[in-house]
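Student: sequence first, predicted coordinates after that:
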Amino acid sequence: MLCVMKKLMMKIIDTIDEMRKYISECQVSDKSIGLVPTMGYLHKGHMSLAERSVFENDITILSIFVNPAQFAPNEDFEKYPRNMEQDCNLADKAGVDVVFAPAADDMYGKGYSTYIDVLGVSQPLCGLSRPGHFRGVATVVAKLFNICKAQKAYFGQKDFQQTKVIERMVKDLNMDIDIVVCPIVREKDGLAMSSRNVYLTNEQREQATCLYRSLEEAKRMIGRGEKRIEIIHKRVKEVICQNNLAEIEYVSILDAENLNDIQSIEQDAVLALAVKFGSTRLIDNCVLKSVKKVSSETWKKPFAN
Ligand code: AMP
């Protein structure tokens, strides 16, 4: 059991064996289980997922596991921010029933050899810049699903591509679980909340709002009837490049359903960004809703007699 100073209502479980025992008890009493997978260093984005799960299920399990399998050797696994005590206090306040925080060698024991590769949706965007990342994500999420036997699992739209990978995996492997995708929670100035925001210097933090501003600009363009990908793409890049510390990794507009390339916005599209500030890599996205032209024949005045 982990040492946490404050008296908590919820349980902290740190072994798979103990988790399995707890799940069996929940099943005997026919309790519905919601799972919120995280890497910890919790913020309001994570808490929105936890609160939704608490509202929709009898039991909410929030997992905290910085998953080595989803980090490349040159990435920030070692320095990824961690604060178990603060996380437990926040989870407890949100009404979470169990924090599940397994050790890496419990999750990936000696001789571990099984990984899940979701083709297609894993390949563009972060799949190009972080090879192997989604393989690690899909594998750990599948393991958490098997251990926790939840009926529902909660993910943030903040990691749009991740939600597509998980949805595809669940469908393809006939996993009996509902995936609930929750909206992006932002700071007052629009920056998407992220555990990695703590890496930013004051100057980088100020400039980082350009991600949100560029997404809003794209939405305005769509609202004015712009459908041409290359025009929106160019403008989004301009907004970001006005900031001298921003280094674009990708700005991409893809089919929101399957992440395929598109030529113009005829169906819902996702505008996805990855931008580096120094060594800190931020991602953000928004869904660009296609504006369907309403013909005068089909359009009926609301409430007209
Ligand atoms: P992480 O700890 O970064 O792996 O995130 C755990 C879960 O929280 C993922 O499903 C994320 O998409 C979600 N999440 C992270 N940041 C946000 C945010 N700002 N708004 C909503 N969900 C978020």
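Tutor: Sure, I can see it.
Student: phi, psi of the residue lying closest to residue 33 once chain neighbours are set aside?
Tutor: Closest residue in space to residue 33, ignoring its immediate chain neighbours: residue 150 at 4.2 Å, by C-beta to C-beta, 6 or more residues apart in numbering. Every residue, glycine included, has its C-beta placed from N, CA and C. When quoted as degrees, to the nearest 10, the phi and psi of residue 150 stand at phi -70, psi 160.
Student: do a quick rundown of the helices in this structure.
Tutor: In the chain, the helices defined using DSSP state H lie at 16-28, 44-56, 84-93, 104-107, 126-129, 133-148, 160-172, 202-207, 210-223, 229-241.
Student: ok, back up a step: how near is the residue nearest to residue 33 to residue 64?
Tutor: 16 Å (C-beta to C-beta, to the nearest Å).
Student: same deal with residue 184?
Tutor: 21 Å.
Student: returning to that earlier point: which one of the helices of the chain lies nearest to residue 281?
Tutor: helix 126-129 (8.2 Å; C-beta to C-beta).
Student: from the middle of its chain, how far away would the closest one be?
Tutor: Distance of helix 126-129 from the chain centroid (C-alpha atoms, centre = their mean, to the nearest Å) equals 15 Å.
Student: in that helix, what's buried?
Tutor: 126, 127 (16 or more other C-beta atoms under 10 Å).
Student: still on that earlier bit, which one of the helices of the chain lies nearest to residue 78?
Tutor: Closest of those to residue 78 is helix 104-107, at 12.2 Å (criterion: C-beta to C-beta).
Student: just how off-centre is the closest one within its chain?
Tutor: The answer for helix 104-107 is 22 Å, by C-alpha atoms, centre = their mean.
Student: what is the mean pLDDT for that helix?
Tutor: The average pLDDT within helix 104-107 is 98.
Student: so which elements touch that helix?
Tutor: Using 3 or more C-beta pairs under 8 Å, 6 or more residues apart in numbering; DSSP states H and E, no helix or strand is in contact with helix 104-107.
Student: and that helix, what's buried?
Tutor: Result for helix 104-107 [16+ other C-beta under 10 Å]: buried residues residue 107.
Student: export only the CA atoms of that helix, formatted as CSV.
Tutor: Below are the C-alpha coordinates for helix 104-107, written out as CSV (Å, rounded to 0.1, in the frame of the first residue of the first chain):
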residue,chain,number,x,y,z
ALA,A,104,5.9,-1.4,-14.2
ASP,A,105,7.3,-4.9,-13.5
ASP,A,106,3.8,-6.1,-12.5
MET,A,107,2.4,-4.8,-15.8
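Student: which one's more surrounded, residue 184 and residue 64?
Tutor: residue 64 (25 against 20; other C-beta atoms under 10 Å).
Student: show me which residues of the stretch 151-300 of the chain sit near the ligand.
Tutor: Proximity of the stretch 151-300 of the chain to the ligand (C-beta under 6 Å from any ligand atom) is limited to residues 155, 156, 158, 159, 182, 184, 185, 192, 193, 194, 195.
Student: what count of nearby residues applies to the fourth one?
Tutor: This points to residue 159. Using other C-beta under 10 Å, residue 159 has 19 neighbouring residues.
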